[in-house]
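using only what follows, build the 3D model:
(one chain, ligands or ions: 1)
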Amino acid sequence: MAQTSLYVHIPFCKHRCAYCDFNTYAHQESLIPAYVQALIKEIEFVGEQAPPDVSVHTIFFGGGTPSLLSAPQFDSILQAFASAFAFSPNPEISIEANPGATSPEQLAAIRKAGVNRLSFGVQSANAEELKMLEREHSFFDVIEAVTSARKAGFDNLNLDLIYGLPEQSLSSWQTTAKRILDLHPEHISAYALTLEHGTPFGRWANKGLLPLPNPDLAAEMYEWTCDFLEAHGYAHYEISNWARDGKDADGHPWWACQHNLQYWRSLPYLAFGAGAHGYIHETRYSNALRIKTYIERLAGSESPTHHFPLTPATVNHHKQTPEDEMSDYMLNNLRLVQAGVAEADFRLRFERGLLETYPKEIAELIQNGLLEKKISEVNATSEIYRLTKRGRLLGNQVFLRFVE
Ligand code: SF4
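Residues are numbered from 1 along each chain as shown. Below is the predicted model of the structure:
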């Protein structure tokens, strides 16, 4: 079996930002100790039923705000994982953290517990923009957090950014990107703001109370970012992700997020925590969304009565059809702007040719200038199909072609 990844959802935030549609809750921190106990039980249940060939190479604590957990809480979760699963050497263990909500002592203790990658939600270097996004930190907090993380021994930092904000100018975004480079992160993620239904931003925009982001300007920001980061030694490996240059044996940058590469390569991951989604053995599954429901479902069970990878916390699961598998594979792997979809890998996985499966879709996308055919850098006998520069901007149009 391919190496497996573990995703842990920590659905707590001090404050709910107006643009956020993640499964996270404010003012529920008193539930954190019971939640950690439930997580440990879920890990034990899954570990007891896991096939012996499951070997873990990444763990990602996402949220929410995982850094609201204390170092001893991370330690106890990581110990539960170590008892439940076999690990590859040097696994990547990441947590998402909010600048301004982490102390130097906490970062040092988390590093000591085994976490070796931090992803800070920075979003902008502009005070007005941070205020509009309802972020509770300043850019000064970001500088302090990065300095503390380096002192604590973290040599693998991601900084998360958002562009295309209402009324954001190109020069304001350029200033953010330049200030971020001054901090020398190993990895940068930059996503365009999307106005999600059910969020205050979505509602205000519908009522005309929030100026909509300008899509042409957002596209200009994206293209500028691609050129700027590449000129400063960051390899663009996924539509919205860049890592410091230098390539591994698979042709991905050294500092690429190994955990996210697992998703983008359609490889297996197990899910833990409220609302977490998992994928293994061609099965997709997800847990109860609400914190209390998740805790109660696990607290009420004494043994793993469900078949791997399901637990009492699971509320949805389905076996994928071969068509679902191929469609998901295209949607995920096409996000990898350099590696794309390799014909040889597709054939190995699905025992059929890529062109035989999607002849019309691929021909039309190439003709429309959204896909290109190249020779693979890691396997000179394989052709790869990947997004063109135009295709990166119009990714959703490309992906739709592979959805039935
Ligand atoms: S801190 Fe992050 S996860 Fe929490 S509400 Fe804000 S954007 Fe959402």
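
stretch 331-341: end-to-end distance?
Stretch 331-341 has an end-to-end distance of 10 Å (criterion: CA to CA, to the nearest Å).

quick one: contacts of that stretch?
Stretch 331-341 has contacts (CB atoms under 8 Å, 6 or more residues apart in numbering) with 235-239, 250-252, 261, 263-266, 329-330, 354, 374, 376-378, 384-387, 392, 395, 398-399, 402-403. All C-beta spots, glycine's among them, are computed from the backbone N, C-alpha and C.

in it, which residues are buried?
If you call a residue buried by 16 or more other CB atoms under 10 Å, then stretch 331-341 has these buried ones: 331-341.

which parts of the stretch 51-200 of the chain are helices?
For the stretch 51-200 of the chain, helices defined by DSSP state H, counting those that start in this stretch occupy the ranges 71-84, 104-113, 127-132, 139-151, 170-181, 200-206.

next, format those helices as JSON lines and append distance to the ligand.
Putting the helices of the stretch 51-200 of the chain into JSON lines (distance: least, CB to the nearest ligand atom, whole Å) gives the following:
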{"stretch": "helix 71-84", "distance to the ligand": "18"}
{"stretch": "helix 104-113", "distance to the ligand": "17"}
{"stretch": "helix 127-132", "distance to the ligand": "11"}
{"stretch": "helix 139-151", "distance to the ligand": "13"}
{"stretch": "helix 170-181", "distance to the ligand": "17"}
{"stretch": "helix 200-206", "distance to the ligand": "11"}
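
contact partners for the closest residue to the ligand within the stretch 101-250 of the chain?
Closest to the ligand within the stretch 101-250 of the chain is Gly121: 5.4 Å, counting by CB to the nearest ligand atom. The neighbours of Gly121, taking CB under 8 Å, 6+ apart as the test, are 96-99, 135, 160.

report the contact partners of the residue minimising distance to the centre of the chain.
In the chain, the centroid-proximal residue (CA atoms, centre = their mean) is Asn260; its distance is 5.2 Å. Contact partners of Asn260, counting by CB under 8 Å, 6+ apart, are 60, 238, 241.

tell me which element the nearest residue to the first one once chain neighbours are set aside is part of?
With CB to CB, 6 or more residues apart in numbering as the measure, His259 is the residue that lies nearest to Phe60, at 4.2 Å, once sequence neighbours are left out. Secondary-structure assignment from DSSP states H and E places His259 in helix 258-264.

for the helix or strand following that helix, which helices and strands make contact with it?
Per DSSP H and E, helix 258-264 leads on to strand 269-272 as the next helix or strand towards the C-terminus. Where contact means 3 or more CB pairs under 8 Å, 6 or more residues apart in numbering; DSSP states H and E, strand 269-272 is packed against strand 4-10, helix 32-49, helix 258-264, strand 277-280, strand 283-287.

quick one: mean pLDDT for strand 269-272?
Throughout strand 269-272, pLDDT has a mean value of 98.

chain center to it: distance?
The chain centre lies 13 Å from the centre of strand 269-272; the measure is CA atoms, centre = their mean, to the nearest Å.

quick thing: my sequence starts at 736, can you match it?
Sure thing, new numbering starts at 736, so read that last one as strand 1004-1007.

residue contacts, His994?
Going by CB under 8 Å, 6+ apart, His994 touches 740, 742, 793-795, 827, 829, 1004.

ok, which pair from the buried residues of stretch 1066-1076 is furthest apart?
Greatest spatial distance in the buried residues of stretch 1066-1076: Leu1066 and Gln1073, 17.0 Å, computed using CB to CB.

walk me through which strands the longest strand along the chain pairs with, and which way each runs.
Within the chain, and with DSSP state E defining each element, the longest strand by residue count is strand 821-832. Take DSSP bridges as the rule and strand 821-832 pairs in its sheet with strand 790-798 (parallel), strand 852-858 (parallel).

okay, buried residues for it please.
Of the residues in strand 821-832, 822, 826-832 count as buried by neighbour count, 16+ other CB under 10 Å.

from the chain's centre, how far out does it sit?
Chain-centre distance of strand 821-832: 14 Å, with CA atoms, centre = their mean.

same check on stretch 879-895?
Distance, stretch centre to chain centre, for stretch 879-895: 18 Å (CA atoms, centre = their mean).

list the contacts of that stretch.
By CB under 8 Å, 6+ apart, the surrounding residues in contact with stretch 879-895 are 827, 829, 832, 834-835, 837-839, 842-843, 845-846, 851-858, 877, 915, 918, 920-926, 990, 992.

can you give me the end-to-end distance of that stretch?
Chord length of stretch 879-895, first to last residue, is 16 Å (CA to CA).
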